[in-house]
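**Q** sequence first, then the predicted structure:
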Amino acid sequence: MGVDPAVTEKDRGEGRRAVEAVVVELLPQSGYLLELSSRAQVKAHAAGAGKVNFSRLRPNDKVLVELSPHDPTRGRIVKLLPA
């Protein structure tokens, strides 16, 4: 277990890190399957307050996702990035 050099990360405080990802699949109950640049797959959901004004994501959309410090296979989508 070490630092993944393929992941460009920004420190979000409290052990969280934000990385860019691409939407691979839409899951039930507003879930998304994302693929990081390191080819790792992560399950994510839209961030709390963003759910109200959050636009629907489609496969191949680029997003910024905050990974959980406890489980790096889970995260929350904080921003939709321009194509």
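**A** On my side now, so go ahead.
**Q** for stretch 20-31, give me every contacting residue.
**A** Contact partners of stretch 20-31, identified using Cβ atoms under 8 Å, 6 or more residues apart in numbering, comprise 8, 32-37, 41-46, 51, 57-65, 75, 81. Any C-beta I mention is one placed from the backbone N, CA and C, and that applies to glycine too.
**Q** swap in stretch 38-47?
**A** With contact meaning Cβ under 8 Å, 6+ apart, stretch 38-47 is reached by 4, 6-7, 21, 24, 27, 30-36, 54, 63, 65-67, 72-78.
**Q** buried ones among those residues?
**A** Taking 16 or more other Cβ atoms under 10 Å as the criterion, what is buried in the contacts of stretch 38-47 is 7, 21, 32, 34, 36, 63, 65-67, 72, 75-78.
**Q** quick one: which two of these are the most distant?
**A** Spatial extent of the buried ones among the contacts of stretch 38-47 (Cβ to Cβ) is set by the pair Val7 and Tyr32 at 17.9 Å.
**Q** helices along this protein, start to end?
**A** Under the criterion DSSP state H, helices of the chain are mapped to 50-53.
**Q** which intervals of it have sub-threshold pLDDT?
**A** Low-confidence segments of the chain (pLDDT under 70): 1-15, 48-54.
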